[in-house]
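*Asks:* Return atomic coordinates for the entry below.
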Amino acid sequence: MFPKILYELLPFIYLSVGFGSGVIINSTIVIVASILLISAGILVLSLRIRYRRAIRHNRHS
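*Replies:* Numbering: from 1, shown residues only. Model prediction:
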């Protein structure tokens, strides 16, 4: 299992690496990989937010 700090930072690392590599390296394969990394970062963030809201809502119910 990842340390908590790394676990929390992973989606932002996906976004940063995806955006950075897409801007720096001008290649079709890198652009596709960048889009996939950015999509993965957004997906992980949205899933975590939804899950944490559900947990918080269930605690208060």
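*Asks:* Nearest the middle, which residue of the protein would you pick?
*Replies:* G41 (1.9 Å; C-alpha atoms, centre = their mean).
*Asks:* Wait, that residue touches P11, no?
*Replies:* Yes - applying C-beta atoms under 8 Å as the test, G41 and P11 come out as touching, 4.5 Å apart. Quick note: C-beta positions are derived from backbone N, CA and C, even for glycine.
*Asks:* Could you give me the buried positions within stretch 8-24?
*Replies:* Along stretch 8-24, these residues count as buried under the neighbour rule (16 or more other C-beta atoms under 10 Å): L10, P11, Y14, L15, G18, G22.
*Asks:* which residues touch that stretch?
*Replies:* Contact partners of stretch 8-24, identified using C-beta atoms under 8 Å, 6 or more residues apart in numbering, comprise 2, 30-31, 33-38, 40-42, 44-45, 48.
*Asks:* out of those residues, who's nearest R59?
*Replies:* Nearest to R59 among the contacts of stretch 8-24: R48, at 16.5 Å, using C-beta to C-beta.
*Asks:* which element is the residue lying closest to G18 once chain neighbours are set aside on?
*Replies:* In space, and not counting its chain neighbours, G18 is closest to L37: 3.1 Å by C-beta to C-beta, 6 or more residues apart in numbering. Using DSSP states H and E, L37 falls within helix 28-60.
*Asks:* tell me the mean pLDDT for that helix?
*Replies:* Taken as a whole, helix 28-60 has an average pLDDT of 95.
*Asks:* Figure out how far it is from the centre of its chain.
*Replies:* Put simply, helix 28-60 sits 5 Å off its chain's centre (C-alpha atoms, centre = their mean, to the nearest Å).
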